[in-house]
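Q: For reference, the sequence and a predicted model appear below.
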Amino acid sequence: MVTLHRLQLAFVIIGAVAYIAAACPPECQNACSGKNDGDACTFTFGGGPLSGQSRTSTCTSSGECIGSASSGGSASSGGCAQQELSCPTATTGAGYTGKDSCVSAEKPAAAPLRGSIGCVTADALATRPTAVVNGQNQDAINIYGPFEAGFSSANPGMSCLGDNSVSAGHDTKIAEAMVDYICDDTVEVLDECGGHAIPYHYHERLQCLYSDTTTGDVIGHSTRVGTAQDGNGIYGHHVAGGELPCDLDACGGRTGVTPDSGGAEVYYYVITSSAPFTLACYGQKDHFTTIDECRALYPDSCATASGAATTLTTATGTGLYEADCPCFDNYGSNVFGNSAVPGFLAEADIALLPSVRCTGSYGPAPSPSSTPTDPSPSSSPSPSARASSSTSPSSFPSPTASTSMSPVPNVEGPGLLVVLTGAYLLGHFCH
């Protein structure tokens, strides 16, 4: 009888948690202000049992950020600016081929500032189909853009922030460096493969998913890790010859032959060591998207005049930054009218910037004291190297089997949170 009562109490609590998770507080409603039904939305709970946790969802017809991801195929509704909600989990077959409305949209086009900009390919999923977050296996199917939804002491593992916070709209590498600086310690935002959170998604590196080819038309070129919403491929860090590219446009793409293009030239994206990491916008073949064209796609977050940027500080120094502007120049800056490397970038990151390693790119190159090292799938940069100005550039590890952890288990969806909380409570009361 005691066990039965405990079970009943556990399920009452689970039901209460589910009710709280489904409710839409003011911050949830504000996330859909000015948006349409089905638009992507993100907010962070400001109080209650979910305080500090982020939710990425879609806006409902009633203006609440509580919509559910659909389970249909690849041709989900919405244009390029809406996140992909239907990344497949299959490890065989054609896999994700893009979103019809984005494939056919005029380019260049804006990409989602929150949520999925594309999906992991079936071949890459076969290498790493899941990731472990907070002790639970999660489908590792989503590829996001550069920006985080923000961090505060309410986030698990970040009590060291105290009354400080890192606001939304900073890229993951800078957000991590800001947290490290505030905490005077190394706090890992992403796991060893460059992903985190629930639902699990990649922001950076993706080095667990690719290898460099040893045969074929483009020896040394990294294999494909994903497909963007526009149907174009996303590849690992290297182009033919195992080189880092110097010809990426402002969207993060280039035209060339890839390991799976059958010798034909195609437009595709290349993962980079500096923001935007995956892509900044959706580009097109035979058109080099400029920084100005990219910025024009984001009028609400990319300034058209100087003075709109804010100042941020890391252990390396201080510099200007425009939150939620994904258009980064070859100096690693997203600030209007910039002509220098931001002071907050670590020396190891500066060494890999196009303005340093590529000749004649965006004017005279700065002169870091270290020599750039070509990232290769062999070892992974540690978070401490990102916030330190005394480390040398690191390289990237080889593809590995499905093992992963998220040191800071950020939560970006309500459904699984309820399940995990319920499972914990049930185990606690019925132990």
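A: The structure has been received and is ready for your questions.

Q: what residues does stretch 310-317 touch?
A: 170, 174, 177-178, 180-181, 318-323, 343-347, 387-389 (Cβ atoms under 8 Å, 6 or more residues apart in numbering). Any C-beta I mention is one placed from the backbone N, CA and C, and that applies to glycine too.

Q: switch to 10 Å and redo it
A: Counting by Cβ atoms under 10 Å, 6 or more residues apart in numbering, stretch 310-317 makes contact with 166-167, 169-170, 173-182, 184, 318-323, 335, 341-350, 384, 386-390, all of which sit outside it.

Q: Now the terminal residues of stretch 108-116, how far apart.
A: By Cα to Cα, to the nearest Å, the extent of stretch 108-116 from end to end equals 18 Å.

Q: what mean pLDDT does it have?
A: In this model, stretch 108-116 has a mean pLDDT of 97.

Q: I'd like the numbering to begin with 879 instead of 1 from here.
A: All right, first residue 879 from here; so that's stretch 986-994.

Q: and that stretch, which residues are buried?
A: By 16 or more other Cβ atoms under 10 Å, the buried positions in stretch 986-994 come out as 986-994.

Q: circling back: so which of the contacts of stretch 1188-1195 belong to strands?
A: 1044, 1196-1199 (DSSP state E).

Q: got a list of what the nearest residue to residue 1207 once chain neighbours are set aside touches?
A: Sequence neighbours aside, residue 1169 is the residue nearest to residue 1207 in space, at 5.4 Å (criterion: Cβ to Cβ, 6 or more residues apart in numbering). Shown in contact with residue 1169 (Cβ under 10 Å, 6+ apart): 1127-1128, 1158, 1180, 1205-1208, 1211-1212, 1214, 1216, 1240.

Q: And these, which two are furthest apart?
A: Taking Cβ to Cβ, the two most distant members of those are 1127 and 1214; they sit 18.3 Å apart.

Q: before we move on, back to that, could I get the ones in strands among the contacts of stretch 1188-1195 as CSV with neighbour count, pLDDT and distance to residue 941?
A: Listed next are these as CSV, based on neighbours: other Cβ atoms under 10 Å; pLDDT from 0 to 100; distance: Cβ to Cβ, whole Å:
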residue, neighbour count, pLDDT, distance to residue 941
1044, 24, 96, 28
1196, 11, 97, 39
1197, 21, 97, 37
1198, 20, 97, 34
1199, 19, 98, 30
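
Q: Which secondary structure state is assigned to residue 1002?
A: helix (DSSP: H, G, I helix; E, B strand; the rest coil).

Q: I'd like to know how far it sits from residue 1088.
A: For residue 1002, the distance to residue 1088 (Cβ to Cβ, to the nearest Å) stands at 7 Å.

Q: Tell me where the protein has helices.
A: 880-900, 904-908, 978-981, 1000-1005, 1050-1061, 1169-1174, 1225-1228, 1232-1235, 1261-1264, 1292-1307 (DSSP state H).

Q: for the second one, which positions count as buried?
A: Under the neighbour-count criterion of 16+ other Cβ under 10 Å, helix 904-908 has 906-907 buried.

Q: For it, name the packing helices and strands.
A: strand 918-922, strand 932-936 (3 or more Cβ pairs under 10 Å, 6 or more residues apart in numbering; DSSP states H and E).

Q: what's the least confident stretch among the ones you listed?
A: strand 932-936 (a mean of 61).

Q: For stretch 1070-1089, measure first residue to last.
A: 16 Å.

Q: which parts of it are buried?
A: Buried, per 16+ other Cβ under 10 Å, within stretch 1070-1089: 1070-1088.

Q: Excluding residues flanking it in the chain, which one is nearest residue 971?
A: Here the residue nearest residue 971, using Cβ to Cβ, 6+ apart, is residue 1000, at 5.7 Å.

Q: returning to what we had before: present the ones in strands among the contacts of stretch 1188-1195 as CSV; the columns should include distance to residue 1176.
A: Shown next, in CSV, are the ones in strands among the contacts of stretch 1188-1195 (distance: Cβ to Cβ, whole Å):
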residue, distance to residue 1176
1044, 20
1196, 24
1197, 20
1198, 17
1199, 14
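
Q: Of those, which is the nearest to residue 1154?
A: Of the ones in strands among the contacts of stretch 1188-1195, the one sitting nearest to residue 1154 (Cβ to Cβ) turns out to be residue 1199, at 13.3 Å.

Q: Burial check on residue 1059, number of neighbours?
A: Neighbour count of residue 1059, defined by other Cβ atoms under 10 Å: 18.

Q: so who does it touch?
A: Contacts of residue 1059 by Cβ under 10 Å, 6+ apart are 1042, 1044, 1190-1194, 1222, 1265.

Q: farthest pair in the residues you listed?
A: 1042 and 1194 (17.9 Å).

Q: Settle it for me: which of those two has more neighbours?
A: residue 1194 (22 against 15).

Q: what's the distance between the more buried one and residue 1043?
A: Counting by Cβ to Cβ, the gap from residue 1194 to residue 1043 is 20 Å.

Q: Residue 973 now?
A: Taking Cβ to Cβ, one finds residue 973 at 38 Å from residue 1043.

Q: So for the two, which sits in the more crowded spot?
A: residue 973 (23 against 19).

Q: which residue packs closest to that one, ignoring adjacent ones?
A: Per Cβ to Cβ, 6+ apart, closest to residue 973 is residue 1000, 3.5 Å.

Q: So, low pLDDT: which residues of the protein?
A: By pLDDT under 70, the weakly predicted segments of the chain are 879-901, 914-919, 923-936, 938-940, 944-956, 1237-1309.

Q: residues in contact with the residue nearest to residue 1026 when sequence neighbours are not counted?
A: Using Cβ to Cβ, 6+ apart and skipping residues adjacent in sequence, the residue nearest residue 1026 is residue 1053, 4.6 Å away. Residues counted as contacts of residue 1053 (Cβ under 10 Å, 6+ apart) are 1024-1029, 1044-1047, 1067-1068, 1081, 1190.

Q: Residue 974 touches residue 981, doesn't it?
A: No - the criterion here is Cβ atoms under 10 Å, and residue 974 misses it with residue 981 at 11.5 Å.

Q: Those two: which has the busier surroundings?
A: When residue 974 is set against residue 981 and neighbours are counted by other Cβ under 10 Å, the residue ahead is residue 974, at 25 against 18.

Q: Return the residues in contact with that one.
A: Residues in contact with residue 974 (Cβ under 10 Å, 6+ apart) are 951-952, 962, 964-966, 968, 996-1000, 1003, 1019, 1021, 1104-1107, 1109.
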